[in-house]
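Asks: sequence and computational prediction follow.
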Amino acid sequence: MAGLRAAEELRRQGFDGSIKMVTAEAVAPYDRPQLSKSLLVGTTSVEKAIYRDAEYYNNLSIDLLLEHRVGSLDLRERCLKTSRGSVDFDDLVICTGAAPRRLGGIADMAGVHELRTLDDGVAIRDAFGKAPRVVVVGAGFIGSEVAASARKLGLDVTIVEASPAPLARALGNDMGLACAGLHADHGTRLLRGVSIESVEGHGRVERVRLTDGTTIDCDLLVVGIGVAPTVDWLAGSGLPIDNGTVCDATLSTPAKGVYAAGDVASWPNELFGLRMRGEQWTNAVEQGRHVARNILADAEEQRPFHGSNYFWSDQYGVRIQFAGITAADEIRIVEGSVAERRFLAWYRRGDRLVGALAMNEAKSLMLSKTLIEHRANWNEALTAFEKATAS
Amino acid sequence: MKVHVDMDKCICSGMCITIAPSLFDLDKAGRLVVIKSCKLSDTEQKEAQDAAMCCPVEAIELLQHEEPAIA
């Protein structure tokens, strides 16, 4: 997504040089957020999930190089070595994204899936059609959405979450539990504080054994235990790698004319004074466009990227949205309540509003996101919010 | 330029209301309302383009030519 938006923005800004998009995938960029949602329940088709057809790329003179798996980067020769030959560049935007972490120590077995690519989504969708008993590993957003989609189809679903506090890293303890409460509302079993000891079956998953000794029979195991940035191909390139491609505030790497955007980019986010890496769709879109503008700008006009870390998740017909960071001194419900599954919670750090979480409160969340982006003072934000919602 | 929102695609994320507040809003039920769709100022045209690129489901379509106004 970051790559597509970077290319589109370059053209929109009038860049008329050559643009090549290099991807290991066999299909053009697609709507990844829908993979765990509408694709799985059959309301989005594969065709609809693919953003643009070939004609679109032709019209914009974007050379889309499919099935070119990039193996390494040669900064001296300024070229990429791919599975189908080398590709030269003047400027490079690294958007190789992230790959799902796999369960350690289990044999390759049918019926075990991660969800990252369109093929993964289709495989899980097709497996759902055979009325399987489903176990989902990980109660993060992907795992939770897969579970919710499975329940929508009436399937029997158990989530196994290693942490006693699901989503704690993404939302903080209490709010993570508030969101995880949706599973029980909708008949999904959520087991916390246990992990998978082993996966058993003859060539195909038949059951999982948990660390507390219990077993769960299942026909489909979906693993959603997070992702790691795809940087293995950059080893030996000379670029610094530390939880992603290390960039400066403008998303530029130390190599001139080499930038990164999306899940793979680690950058100091001046909005929060933190080095961050964003794994959200919106982050990819915004960073892709930002890099495009910096590529075309003069050296002294390079602008820092400020990201508000926005994401959304749809589960069981409930819209969860978040913006900001969770490292907070206080979390306060400022609207609605967790019990009614409609609320807005604010995260305070010092005297600043730094984060907001909403369930079914899109408008309030978006108002909060704007306040966060303007580095709003906590008390002033409260006053502004009261005024805005009273009208 | 004319703004059109494909309501079959729209998931009411609200991204557009922060980017182009003079064009889009959410009502009390959280549904998208297009406040203004044509006769856009230069700033509004830019905001409309930004909103279209940031819409999570690409529901915002920008038609390059406004239909002729009815006299």
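Replies: Cool, the structure landed. Numbering: from 1, shown residues only, chains lettered A, B, ... in the order given.

Asks: ok, and the closest non-adjacent residue to the residue of the stretch 101-250 of chain A found nearest chain B?
Replies: Residue nearest to chain B within the stretch 101-250 of chain A: A:E145 (13.3 Å; Cβ to the nearest Cβ). The C-beta positions use only the backbone N, C-alpha and C, and glycine is treated the same way. Closest residue in space to A:E145, ignoring its immediate chain neighbours: A:S36 at 3.9 Å, by Cβ to Cβ, 6 or more residues apart in numbering or on different chains.

Asks: which bits of chain A sit near chain B?
Replies: A:5, A:8-9, A:12, A:31, A:33-34, A:51, A:281-282, A:285-286, A:289, A:310, A:312, A:314, A:319, A:321, A:360-363, A:365-367, A:369-370 (Cβ under 8 Å from any Cβ of the partner chain).

Asks: redo that, cut-off 6 Å
Replies: Listed as neighbours of chain B in chain A under the rule Cβ under 6 Å from any Cβ of the partner chain: A:285, A:312, A:362-363, A:366, A:369-370.

Asks: by neighbours, which of those wins?
Replies: A:M366 (26 neighbours; other Cβ atoms under 10 Å in any protein chain shown).

Asks: helices of chain B, start to end?
Replies: B:15-19, B:42-54 (DSSP state H).

Asks: buried sites along the longest one?
Replies: Pointing back at helix B:42-54 there. For helix B:42-54, a neighbour-count test (16 or more other Cβ atoms under 10 Å in any protein chain shown) marks B:44, B:47-54 as buried.

Asks: try stretch A:290-300
Replies: Buried-residue list, stretch A:290-300, by 16+ other Cβ under 10 Å: A:290-295.

Asks: pairing partners for the strand or helix carrying A:Y347, with directions?
Replies: Assigned by DSSP states H and E, A:Y347 falls within strand A:342-349. Taking DSSP bridges as the criterion, strand A:342-349 forms sheet pairs with strand A:330-337 (antiparallel), strand A:352-359 (antiparallel).

Asks: quick one: the residues of chain A next to chain B as a markdown table, columns for distance to A:G238 too.
Replies: Formatted as a markdown table, the residues of chain A next to chain B follow (distance: Cβ to Cβ, whole Å):
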| residue | distance to A:G238 |
| --- | --- |
| A:V285 | 29 |
| A:W312 | 37 |
| A:A362 | 44 |
| A:K363 | 47 |
| A:M366 | 42 |
| A:K369 | 37 |
| A:T370 | 40 |
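
Asks: from the buried residues of helix B:42-54, pick the one nearest A:K256.
Replies: Lowest distance from A:K256 to the buried residues of helix B:42-54 (Cβ to Cβ) belongs to B:M53, with 27.2 Å.

Asks: next, find the distance separating that closest one from A:V93.
Replies: 16 Å (Cβ to Cβ, to the nearest Å).

Asks: OK, contacts around A:A356?
Replies: Residues near A:A356 by Cβ atoms under 6 Å, 6 or more residues apart in numbering or on different chains: A:323-324, A:346, A:365, A:368.

Asks: with A:Q321 instead?
Replies: A:312, A:358, A:365.

Asks: got it, and A:M21?
Replies: A:3, A:7, A:62, A:64.

Asks: recalculate using a threshold of 7 Å.
Replies: Contact analysis of A:M21 by Cβ atoms under 7 Å, 6 or more residues apart in numbering or on different chains lists A:3, A:7, A:62-65.

Asks: three-state assignment of it?
Replies: Of the three states, A:M21 takes strand under DSSP: H, G, I helix; E, B strand; the rest coil.

Asks: list the helices and strands the helix or strand that contains A:T370 packs on?
Replies: For A:T370, the element it lies in under DSSP H and E is helix A:362-373. Contacts defined by 3 or more Cβ pairs under 7 Å, 6 or more residues apart in numbering or on different chains; DSSP states H and E place helix A:362-373 against strand A:318-324, strand A:342-349, strand A:352-359, helix A:378-390, helix B:15-19.

Asks: hmm, who's touching it?
Replies: By Cβ under 7 Å, 6+ apart, helix A:362-373 touches A:271, A:308, A:310, A:319, A:321, A:323-324, A:335, A:344, A:346, A:353-356, A:358, A:381, A:384-385, A:388-389, B:12-14, B:17-18, B:26, B:30.

Asks: hmm, back to that, ok, the contacts of A:Q321 vs chain B, which is closest?
Replies: Among the contacts of A:Q321, and counting by Cβ to the nearest Cβ, the member closest to chain B is A:W312, at 5.8 Å.

Asks: what are the bridge partners for A:L64, then?
Replies: Beta-bridge pairing of A:L64 under DSSP bridges involves A:M21.

Asks: revised request: answer the last question for A:P229.
Replies: Under the criterion used (DSSP bridges), A:P229 bridges to A:A98.

Asks: I'd say it and A:G262 touch.
Replies: No: judged on Cβ atoms under 7 Å, A:P229 makes no contact with A:G262 at a distance of 9.2 Å.

Asks: higher neighbour count, the two?
Replies: A:G262 (31 against 24).

Asks: which residue packs closest to that one, ignoring adjacent ones?
Replies: Closest to A:G262 by Cβ to Cβ, 6+ apart is A:A2, at 3.3 Å.

Asks: near chain A, which residues of chain B are found?
Replies: Counting by Cβ under 7 Å from any Cβ of the partner chain, chain B comes close to chain A at B:12-14, B:17-18, B:26, B:30, B:53-54, B:56.

Asks: who wins on neighbours among the residues you listed?
Replies: B:G14 (27 neighbours).

Asks: against B:L26, how distant is that residue?
Replies: For B:G14 relative to B:L26 (Cβ to Cβ), the value is 6 Å.

Asks: and A:F128, by the same measure?
Replies: Noted for A:F128: a distance of 32 Å to B:L26, by Cβ to Cβ.

Asks: do A:A327 as well
Replies: Distance from A:A327 to B:L26, by Cβ to Cβ: 29 Å.

Asks: what's the answer for A:L344, then?
Replies: Taken as Cβ to Cβ, the span from A:L344 to B:L26 is 13 Å.

Asks: one step back: turn the residues of chain B next to chain A into JSON lines, columns for pLDDT.
Replies: Shown next, in JSON lines, are the residues of chain B next to chain A (pLDDT from 0 to 100):
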{"residue": "B:C12", "pLDDT": "87"}
{"residue": "B:S13", "pLDDT": "88"}
{"residue": "B:G14", "pLDDT": "90"}
{"residue": "B:I17", "pLDDT": "92"}
{"residue": "B:T18", "pLDDT": "89"}
{"residue": "B:L26", "pLDDT": "91"}
{"residue": "B:G30", "pLDDT": "84"}
{"residue": "B:M53", "pLDDT": "89"}
{"residue": "B:C54", "pLDDT": "88"}
{"residue": "B:P56", "pLDDT": "86"}
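
Asks: just flag the most distant two among those residues.
Replies: Farthest apart among those - using Cβ to Cβ - are B:G30 and B:M53, which lie 22.5 Å from each other.

Asks: all set, thanks.
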